[in-house]
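Visitor: Coordinates only, no sequence provided:
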């Protein structure tokens, strides 16, 4: 959400906080949407340009247990940022309204399981509405397994970023906006070379600016959520 779309008495404070976070390298895409929701809630607040307990309570109490934890973390950061200049700001405690972050259970695949996962990527079903899904998602998931790249980085990869002659992938604007090179082994180079040739047969005229792992149209970047669904299917 653009700063100019904030319209409550808190608009200037929200815009300043968002600008501050992005200056530190955070993208804050989802958070900007949540700040917009907080802005809408603040429209009818009697407290005016102050984050008070009533506003925080209304904002945090929405959604599932996991989403409440995320909302609480965001509004705590906002409140601590604003409290430096406005002493009336309510800074909620860590477990306000019982919201707490759920720790994910880490599951590390054994070598045998990783091999089974790799093979299952080749059997990913291809629905009629997305005839290249098995090829694209199966190869993208194998790339994730063998490189340790992030899902968003794989989805954002373009044709020009995959130098298969040198055996290197270029990640542009990864975490905290940093770019890096990812060297890949010879077997993955061969896999990606075969994938690229097959995809070009299905989608003629692909250019260097097209997504390396495209969506259904064969050119634009795929959907990270769709790739995650494929990941769950392969598991």
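Guide: Happy to help now that I have it. If you're wondering where the values come from, they're calculated on a predicted model, not measured in any experiment.
Visitor: Which strands or helices does the helix or strand containing residue 170 pack on?
Guide: Under the criterion of DSSP states H and E, residue 170 resides in strand 168-171. Where contact means 3 or more C-beta pairs under 8 Å, 6 or more residues apart in numbering; DSSP states H and E, strand 168-171 is packed against strand 162-163, strand 180-183. Every residue, glycine included, has its C-beta placed from N, CA and C.
Visitor: For residue 83, which of those strands is the nearest?
Guide: strand 180-183 (36.5 Å; C-beta to C-beta).
Visitor: before we move on, the earlier item: the helices and strands packed on strand 168-171 into a markdown table, with extra columns for distance to residue 201, mean neighbour count and mean pLDDT?
Guide: Listed next are these as a markdown table, based on distance: least, C-beta to C-beta, whole Å; neighbours: other C-beta atoms under 10 Å; pLDDT from 0 to 100:
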| stretch | distance to residue 201 | mean neighbour count | mean pLDDT |
| --- | --- | --- | --- |
| strand 162-163 | 17 | 18 | 96 |
| strand 180-183 | 26 | 13 | 94 |
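Visitor: Adjacent strands (with direction) for the strand holding residue 170?
Guide: Paired with strand 168-171 in the same sheet, following DSSP bridges, are strand 162-163 (antiparallel), strand 180-183 (antiparallel).
Visitor: how about the ones you listed, which one is nearest residue 59?
Guide: Among the strands paired with strand 168-171, strand 180-183 sits nearest to residue 59 (C-beta to C-beta), with 36.2 Å.
Visitor: Just the residues contacting the closest one, thanks.
Guide: Under the criterion C-beta atoms under 8 Å, 6 or more residues apart in numbering, residues 147, 149, 167, 168, 169, 170, 171, 174 lie in contact with strand 180-183.
Visitor: For residue 118, which non-adjacent residue is spatially closest?
Guide: residue 142 (5.9 Å; C-beta to C-beta, 6 or more residues apart in numbering).
Visitor: Same question for residue 203.
Guide: Closest residue to residue 203 apart from its sequence neighbours, by C-beta to C-beta, 6+ apart: residue 218 at 3.4 Å.
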